[in-house]
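*Asks:* Dropping a prediction and its sequence here:
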Amino acid sequence: MPVDVRLNAILDPERAGGRPLVDLARAVVAGGATLLQLRDKLGTTRRMIDEARALVELLAPLGVPLVINDRVDVALAAGAAGVHLGPDDMAIEDARALLGPDAIVGHSIKTLDQAERVPLELIDYAGVGGVYATLSKDNPAAPMGPEGLAAIRAVLRRRAPLMPVVGIAGIEASNAAAVIAAGADGVAVISALSLAPDPEVAARTLRGLVDGVLAERAAG
Ligand SMILES: Cc1ncc(COP(=O)(O)OP(=O)(O)O)c(N)n1
Ligand SMILES: Cc1nc(C(=O)O)sc1CCOP(=O)(O)O
Ligand SMILES: [Mg+2]
């Protein structure tokens, strides 16, 4: 079954507004998040495994998968569902060999060239961006806009028609519908959820916007 990327909440302790990650996870899942990612760029390996284990314990009974950003070892140690990797992270082939066929392996696609070359048969979803400007990533690439996402999505659809595509970077309530209208199957979000006054409400709003455009697409 394809990974449900409709609302991909990325939890980053540097951008959690001081909230415990488990509290944030509980709130965004209550609001409709379908996939969670733990992204901790500064913590020790031990801290990251502790965070991941706590999230797995919360999410497993709720049926919401957790992927770990960058770190195959942390995913394995914590029993997470999989990983999200980018062009500078472990090669997809190596990650798949270590994690096995049932794990979720997501991969970033930032250019048309990557869309042509990434071994799509080994991944479960594509994170396409940066769509808009973001303050949540160091040295982000120039925003590609919904048009850039649509162009990458066209290449991915030709190569792997069922590959779920999730847009990332600067996505919030004001622009989420445009990302889905450009062809994404979901949105990946840090600040518009984690730094919202009420993350559960923010998740429900984003999920509603995504579902609305997906329903129009399904209706043809
Ligand atoms: C869903 C999703 N898409 C893209 C990314 C970015 O991954 P990467 O390019 O490896 O950058 P870092 O997140 O590691 O800084 C992502 N994390 N999630
Ligand atoms: C982790 C990440 N990767 C990006 C990319 O462009 O590849 S943008 C990003 C951060 C997204 O956070 P926010 O929702 O706060 O903009
Ligand atoms: Mg990475």
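*Replies:* On my side now, so go ahead. Numbering: from 1, shown residues only. Ligands and ions are numbered 1, 2, ... in the order given.
*Asks:* So which bits of the protein are right by ligand 1?
*Replies:* For the chain, the contact set with ligand 1 under Cβ under 6 Å from any ligand atom comprises 8, 37, 39, 69-70, 84, 86, 89, 106, 108, 127, 129, 137, 166, 168, 188. In short, each C-beta sits where N, CA and C put it, glycine included.
*Asks:* From those residues, keep the buried residues only.
*Replies:* 8, 37, 39, 69-70, 84, 89, 106, 108, 127, 129, 137, 166, 168, 188 (16 or more other Cβ atoms under 10 Å).
*Asks:* buried stuff in the helix ranked longest in the chain?
*Replies:* Longest helix in the chain by number of residues (criterion: DSSP state H): helix 199-219. By neighbour count with 16+ other Cβ under 10 Å, helix 199-219 contains the buried residues 199-200, 202-207, 209-210, 213-214.
*Asks:* repeat for stretch 50-67
*Replies:* Residues 51-52, 54-56, 58-59, 64-67 are the ones in stretch 50-67 that count as buried (16+ other Cβ under 10 Å).
*Asks:* List the residues that contact the nearest residue to residue 16 once chain neighbours are set aside.
*Replies:* Distances taken as Cβ to Cβ, 6 or more residues apart in numbering put residue 194 closest to residue 16, at 5.1 Å, once the chain neighbours are dropped. Shown in contact with residue 194 (Cβ atoms under 8 Å, 6 or more residues apart in numbering): 9, 11-12, 15-17, 19, 24.
*Asks:* check contacts around residue 30.
*Replies:* Residue 30 neighbours (Cβ under 8 Å, 6+ apart): 200, 203.
*Asks:* quick one: contacts for residue 163?
*Replies:* By Cβ under 8 Å, 6+ apart, the neighbours of residue 163 are 120, 123, 125-126, 156-157.
*Asks:* again with residue 92
*Replies:* By Cβ under 8 Å, 6+ apart, residue 92 lies in contact with 85, 105, 107, 118-119, 122-123.
*Asks:* Would you map the strands across the chain?
*Replies:* 7-11, 35-38, 66-69, 82-85, 104-109, 125-129, 165-168, 186-189 (DSSP state E).
*Asks:* what about the residue nearest to residue 16, distance to ligand 1?
*Replies:* For residue 194, the distance to ligand 1 equals 14 Å [Cβ to the nearest ligand atom, to the nearest Å].
*Asks:* all helices for this structure, in order.
*Replies:* Assigned by DSSP H, the chain shows helices spanning 21-30, 45-59, 72-78, 92-99, 112-117, 145-159, 176-181, 191-194, 199-219.
*Asks:* circling back: tell me what the longest helix of the chain is packed against?
*Replies:* With contacts taken as 3 or more Cβ pairs under 8 Å, 6 or more residues apart in numbering; DSSP states H and E, helix 199-219 sits against strand 7-11, helix 21-30, helix 176-181, strand 186-189, helix 191-194.
*Asks:* Now mean pLDDT and distance to ligand 2 too, for these, in CSV please.
*Replies:* As requested, the helices and strands packed on helix 199-219 are exported to CSV (pLDDT from 0 to 100; distance: least, Cβ to the nearest ligand atom, whole Å):
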stretch, mean pLDDT, distance to ligand 2
strand 7-11, 98, 6
helix 21-30, 98, 12
helix 176-181, 98, 11
strand 186-189, 98, 4
helix 191-194, 98, 3
